[in-house]
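**Q** Here's a sequence, model it:
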Amino acid sequence: MSRPVAGSAVTRRAGPGRPRSRQSEEAILEATGKLLSSEGYLGLTVSKIAARARASKSTIYRRWPTKEHLVLAAFDRWPMMVPRDRGDLLSDLVDLYQQYLRIHYRAPAGALVPTLVAECVSNPSLSVLFDSLMQRRLDPTRVIVRRAIGRGELPADTDLELAVEAFTAAAVLRVYFLPTDLSVKAMRRLFVVQLRGLRARGY
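**A** Here you go, the predicted structure:
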């Protein structure tokens with residue numbers, strides 16, 4: 001393969017383009033998240049995002065065909081939780097809950113979920129995309145529940161998806177609807193009740 005001639009137009013332009021593109025994308029997604037938190041889904045427009053991110057609307061639409069895609073791309077910037085093995089299912093659940101709290105408190109992360117869920121009720125297009133994204137976000141919980149079944153902490157006939165939904169629903173309920181006590185101690189008590197209902201070993 002021949003090498004580009006030093007100082008040529010190709011050499012000068014190829015390098016800076018990619019970093020600028022990534023920087024622009026990050027600015028657009030950050031602007032989307034902040035505006036969604038402050039103005040809600042209905043108040044969010046591509047024009048406002050473009051102005052805040054100092055990007056053109058055509059640049060945005062080239063990357064994200066609809067507002068729904070853009071909003072979920074902003075949401076998907078949240079870090080994925082890590083299903084670390086703490087030795088038992090209760091400890092693993094508590095560890096995921098602590099990771100979730102850290103993500104929740106990162107502005108504007110905490111305001112995004114209620115906004116998206118509310119909009120999904122009347123927006124089928126957003127609902128389909130959001131459901132697909134959330135299914136992937138449940139993977140860390142699937143890992144620790146599947147691991148618990150494998151080592152005999154949970155019965156072999158445990159319904160994996162039902163258990164995952166139950167644990168996730170408990171955390172979401174606590175964070176968004178019963179936020180008076182988000183302590184690990186309170187959440188641990190709730191997980192223990194669920195583990196007893198699932199006939200977990202030792203509970």
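**Q** for Arg84, what are its contacts?
**A** Contacts for Arg84 (C-beta atoms under 8 Å, 6 or more residues apart in numbering) come out as Asp92, Asp95. No exception for glycine: its C-beta is placed from N, CA and C like everyone else's.
**Q** Give the helix, strand or coil label for it.
**A** coil (DSSP: H, G, I helix; E, B strand; the rest coil).
**Q** Report the separation between it and Gln99.
**A** 9 Å (C-beta to C-beta, to the nearest Å).
**Q** Leaving aside the residues adjacent along the chain, what's closest to Leu29?
**A** The shortest distance from Leu29 to any non-neighbouring residue, by C-beta to C-beta, 6 or more residues apart in numbering, is to Ala74 (4.7 Å).
**Q** packing partners for the helix or strand hosting that neighbour?
**A** In this assignment (DSSP states H and E), Ala74 forms part of helix 67-75. For helix 67-75, the elements it packs on are helix 9-43, helix 46-53, helix 109-120, helix 124-137, judged by 3 or more C-beta pairs under 8 Å, 6 or more residues apart in numbering; DSSP states H and E.
**Q** Send me it as PDB with only the CA atoms.
**A** Backbone C-alpha positions of helix 67-75 (Å, rounded to 0.1, in the frame of the first residue of the first chain) are rendered in PDB as follows:
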ATOM      1  CA  LYS A  67     -36.200  13.000  17.800                       C
ATOM      2  CA  GLU A  68     -37.000   9.600  19.500                       C
ATOM      3  CA  HIS A  69     -33.700   8.200  18.300                       C
ATOM      4  CA  LEU A  70     -31.800  11.200  19.500                       C
ATOM      5  CA  VAL A  71     -33.500  11.200  23.000                       C
ATOM      6  CA  LEU A  72     -32.700   7.500  23.500                       C
ATOM      7  CA  ALA A  73     -29.100   8.000  22.300                       C
ATOM      8  CA  ALA A  74     -28.700  10.600  25.000                       C
ATOM      9  CA  PHE A  75     -30.300   8.200  27.600                       C
END
